[in-house]
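K.L.:
Prediction below, plus the sequence it came from.
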Amino acid sequence: MYQLSDYRFDLPDELIARHPEKNRTDSRLLHLERTTGARHHRHFSDLSGLLNKGDLLVVNNTSVIPARLIGHKESGGKVEVLILDYREGMAAMDREGTFSCRCLLKASKRVKPDTPIRFGEHFSAVVESFDQGIYRLRFECDGDFDRQLEAHGNMPLPPYIKRDADAFDKKTYQTVYAKNRGAVAAPTAGLHFTDELMETLKAKGVDIAELTLHVGYGTFEPVRVDDIRDHAIHTEWYEVSEETAHAVNTAKAQGRRVVAVGTTSVRTLEFASKEDGTLTSGAGPCDIFIYPGYRFKCVDAMVTNFHTPESTLLMLVSAFAGRDTIFTAYEEAVSQKYRFFSYGDAMFIG
């Protein structure tokens, strides 16, 4: 249960979804009953039939920025830049008037400090420092930074998708309820929702609350220790409003289900909840690592995608439904040729 090898499984390469479904709700949905382990094969459009009047659906409203930039040094050498902390950069802009933050760089050789990188005629950056694989860049542009970023940046698709982002990804790799800019990876369980489905759920009497967790690139970082209990998880910025805390606490007090959309919502709800299950409002760094043995305080059901082998996300869903139950469901999903990972199909566990 605590060995990294316990979370390894084989997945045929053709089951890794590299493009989304044409219609978001056309994705398949594996309904896993948390208590019995029973499995039912559906489509995401069937979700409204699995939610009850009075359920509280909690979504992550973070918005993915086009964080991947292609630039060139003065020598002509190509440099690929991935912005790691948009929120940090905006804070620097407020203080100093310049967007400056930590970034990952990919080039033929290490890029030295003070090296200028040009992305466009009016958009560039200068390397300020390098430490333990992370660079700090100071960006320079004419006019609004966000406008330049939108014009020159690409969506930061996960490495396993193995293709360059295109113009369509700026829409499809974003939830329909995204509003708070800052993520460099999408809360992918939310990608299946449409405005029409959200309205259908509201009409049924399902309440909806929002929180924010700015998903970081650390979500793709592999676990490098044999005993998962020794793993140091990445930190991401979260925000829970007083309104959302009140909605969750009222639902819990009335015996209604709290249904989290995605592991990011699960982590935020559990991190911000007291031992008695009371959700507190606030904002700050979230570093909760949920693996089997964890006692859930707030979340009663969840919508989630299928996760990569040996990932902390797979450990989280194993904690929620049981490792053996999850792996049995995954084996069935593979045999039924479900599509996996960010642009893949979904599960409803409840």
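P.N.:
Everything's here; your move.
K.L.:
Burial check on Pro285, number of neighbours?
P.N.:
10 (other C-beta atoms under 10 Å). For every residue, glycine as well, the C-beta is placed using N, CA and C.
K.L.:
would it count as being in a strand?
P.N.:
Yes. Counting by DSSP: H, G, I helix; E, B strand; the rest coil, Pro285 is found in a strand.
K.L.:
pretty sure it contacts Glu236?
P.N.:
Yes. Counting by C-beta atoms under 8 Å, Pro285 does reach Glu236; the two are 7.2 Å apart.
K.L.:
From Tyr217, how far off is the residue nearest to Ser342 when sequence neighbours are not counted?
P.N.:
Distances taken as C-beta to C-beta, 6 or more residues apart in numbering put Thr188 closest to Ser342, at 4.4 Å, once the chain neighbours are dropped. Using C-beta to C-beta, to the nearest Å, Thr188 is found at 14 Å from Tyr217.
K.L.:
which of the two has more neighbours?
P.N.:
Legend: neighbour count by other C-beta under 10 Å for Thr188 and Tyr217, higher for Thr188 (26 against 21).
K.L.:
low-scoring stretches of this structure, by residue?
P.N.:
Low-confidence segments of the chain, defined by pLDDT under 70: none present.
K.L.:
that's a helix at Gln148, yeah?
P.N.:
Yes. Judged by three-state DSSP, Gln148 forms part of a helix.
K.L.:
Looks like it contacts Gly120 (just checking).
P.N.:
Yes. Under the criterion of C-beta under 8 Å, Gln148 is in contact with Gly120, at a separation of 7.1 Å.
K.L.:
which one of the two has more residues nearby?
P.N.:
Gln148 (21 against 13).
K.L.:
ok, that one - contacts?
P.N.:
If you count contacts by C-beta atoms under 8 Å, 6 or more residues apart in numbering, Gln148 has them with Phe119, Gly120, His122, Phe123, Cys141, Asp142.
K.L.:
Among these, which one sits closest to Glu243?
P.N.:
Cys141 (35.4 Å; C-beta to C-beta).
K.L.:
for that closest one, which residues make a bridge with it?
P.N.:
Here Cys141 sits in beta bridges with Phe123, going by DSSP bridges.
K.L.:
now do Asn180
P.N.:
Thr62.
K.L.:
and it, how many residues sit next to it?
P.N.:
Neighbour tally, Asn180, other C-beta under 10 Å: 17.
K.L.:
So it sits against Glu239, correct?
P.N.:
Yes. Counting by C-beta under 8 Å, Asn180 touches Glu239, with 7.4 Å between them.
K.L.:
any common contacting residues for those two?
P.N.:
Residues touching both Asn180 and Glu239 (C-beta under 8 Å, 6+ apart) are Thr212.
K.L.:
returning to that earlier point: going through the contacts of Gln148, which ones are buried?
P.N.:
Neighbour counting with 16 or more other C-beta atoms under 10 Å marks Phe119, Phe123, Cys141 as buried within the contacts of Gln148.
K.L.:
I'd like the residues you listed as TSV, with distance to Asp324 appended.
P.N.:
As requested, the buried ones among the contacts of Gln148 are exported to TSV (distance: C-beta to C-beta, whole Å):
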residue	distance to Asp324
Phe119	49
Phe123	51
Cys141	53
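K.L.:
closest to Pro292 among those residues?
P.N.:
Phe119 (44.3 Å).
K.L.:
which secondary structure elements does the one helix or strand that closest one maps to contact?
P.N.:
According to DSSP states H and E, Phe119 maps onto strand 116-120. Using 3 or more C-beta pairs under 8 Å, 6 or more residues apart in numbering; DSSP states H and E as the contact test, the elements touching strand 116-120 are strand 68-72, strand 78-83, strand 123-131, helix 145-152.
K.L.:
Might you report the residue contacts of the spatially closest residue to Gly54 that is not a sequence neighbour?
P.N.:
Nearest residue to Gly54, sequence neighbours excluded (C-beta to C-beta, 6+ apart): Arg256, at 4.4 Å. With contacts defined as C-beta under 8 Å, 6+ apart, Arg256 is in contact with Gly54, Asp55, Leu56.
K.L.:
Show me what counts as buried in stretch 235-252.
P.N.:
In stretch 235-252, counting by 16+ other C-beta under 10 Å, buried: Glu236, Trp237, Tyr238, Glu239, Val240, Thr244, Ala245, Ala247, Val248, Asn249, Ala251, Lys252.
K.L.:
Counting neighbours, which of the contacts of Arg256 end up buried?
P.N.:
Counted by 16+ other C-beta under 10 Å, those give Asp55, Leu56 as buried.
K.L.:
residue ranges of the strands in the stretch 251-350 of the chain, please?
P.N.:
258-261, 282-286, 301-305, 346-349 (DSSP state E, counting those that start in this stretch).
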